[in-house]
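Novice: Let's see this in three dimensions:
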Amino acid sequence: MKSLAFLLQYGERDVFAKLLDVQARYGDLRRLMAISNDACVAGDDMLMKAGLADADPFADQHRFEAAIDVTLKTKLTGLNTALRQCTKDERSLISRR
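Specialist: Residues are numbered from 1 along each chain as shown. As a prediction, the model looks like this:
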């Protein structure tokens, strides 16, 4: 952001503010993606431990669901909610333009 400080010198505060907002939203999305990646690794580990590495997720759906613990399911539900909110926020921003 220091390299963009020249925008303030030329009275482009609104552009600078928009860039700060974009940076913040990008940071939020990066954090959500990191949580998602960690959750996927944890889920894969749980499925491997349950012997479901080569199983058909559709045919063995109940076994797959049983292999994932409640903590991870809660994390994934929260992640899903956060991603939906991000999408809603982005759509709102786009529709205002």
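Novice: low pLDDT regions in this protein?
Specialist: Low-confidence segments of the chain (pLDDT under 70): 1-2, 97.
Novice: Which stretches in it count as helices?
Specialist: Secondary structure of the chain by DSSP state H: the helices cover 6-9, 13-49, 61-67, 70-96.
Novice: With mean neighbour count and distance to Ala55 as new columns, can the ones you listed be given to me in JSON lines?
Specialist: All C-beta atoms are positioned from the backbone trio N, CA, C, and that covers glycine. Compiled in JSON lines, these are given as follows (neighbours: other Cβ atoms under 10 Å; distance: least, Cβ to Cβ, whole Å):
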{"stretch": "helix 6-9", "mean neighbour count": "12", "distance to Ala55": "55"}
{"stretch": "helix 13-49", "mean neighbour count": "13", "distance to Ala55": "8"}
{"stretch": "helix 61-67", "mean neighbour count": "13", "distance to Ala55": "7"}
{"stretch": "helix 70-96", "mean neighbour count": "12", "distance to Ala55": "18"}
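Novice: Can you tell me how far the residue nearest the centre of the chain is from Phe58?
Specialist: Residue closest to the average C-alpha location in the chain (Cα atoms, centre = their mean): Leu32, at 3.0 Å. Leu32 sits 27 Å away from Phe58, going by Cβ to Cβ, to the nearest Å.
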